[in-house]
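**Student:** here you go, sequence then predicted model.
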Amino acid sequence: MKNYKLTLLFFALFYCFTFANGQSKTSGFSINPKLGIYNWDGSYWEGFVGGMEFNYFREGWIFSIDYLNYAEFALFSIEDHFNQSGIMIGRYYGDRLLRIQLQGGIAPTWGTRHDNNSNFDNFFTMGLVLKTGLKFIPFRFFSVGLDLQSNINSKKLAYMPMISFEIGKLRDKIK
């Protein structure tokens with residue numbers, strides 16, 4: 001009889017905790033334009049990066065699809081252009097004013113590079129994308145934040161700090 005009561009108490013506490021935890025997690029979506037700079041080979045900041053990300057939030061999980069376009073700083077020279085399209089999954093922490101996002105996934109990268117002799121090289125490579133984001137959410141439908149994203153591939157490592165503006169259903173009302 002004692003084991004029966006202990007088991008019943010365990011399941012009651014488990015279900016209470018699960019429902020309470022589930023109510024504090026936001027289900028939502030967002031459109032996230034980004035703008036920043038990128039470094040392709042680790043020597044110096046090479047150019048601008050801009051793009052768009054679409055996110056879906058569900059019970060602490062975040063699913064994302066993004067597209068980024070990089071362009072080299074160049075006033076009077078040949079420019080390199082790169083494109084990246086990624087699919088990421090990860091976790092987010094925080095449902096109120098601050099949110100931390102940790103994500104990873106795959107991202108094909110393609111574009112045109114030139115060497116020291118101004119010869120162009122068109123390439124395509126698969127990469128591993130990693131992203132960390134810190135978001136300030138002043139309103140339920142808007143946030144501003146900083147994303148640090150990297151693409152690890154067979155050509156070279158690229159990393160990008162970017163400012164992001166999220167628009168969508170980001171959180172529930174703060175009570």
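**Tutor:** Received it, and whenever you're ready, just let me know what you need.

**Student:** please make it C-alpha for all contacts and neighbour counts, starting now.
**Tutor:** Noted.

**Student:** hey, which strand is longest across the protein?
**Tutor:** With secondary structure taken from DSSP state E, the chain has its longest strand at strand 120-139.

**Student:** check which element follows that one along the chain.
**Tutor:** Downstream of strand 120-139, the first helix or strand assigned by DSSP states H and E is strand 142-153.

**Student:** elements contacting that following strand?
**Tutor:** Strand 142-153 is packed against strand 120-139, strand 158-169, with contacts defined by 3 or more CA pairs under 8 Å, 6 or more residues apart in numbering; DSSP states H and E.

**Student:** picking up where we left off before, hmm, who's touching the longest strand of the chain?
**Tutor:** Applying CA atoms under 8 Å, 6 or more residues apart in numbering, the contact partners of strand 120-139 are 86, 88, 96-115, 143-155, 170.

**Student:** could I get the helices and strands packed on strand 142-153 as TSV with mean pLDDT, mean neighbour count and distance to Asn32?
**Tutor:** Below are the helices and strands packed on strand 142-153 laid out as TSV (pLDDT from 0 to 100; neighbours: other CA atoms under 10 Å; distance: least, CA to CA, whole Å):
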stretch	mean pLDDT	mean neighbour count	distance to Asn32
strand 120-139	92	17	11
strand 158-169	92	20	4
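
**Student:** to Asn55, which of these lies closest?
**Tutor:** Nearest of the helices and strands packed on strand 142-153 to Asn55, taken as CA to CA: strand 158-169 at 9.2 Å.
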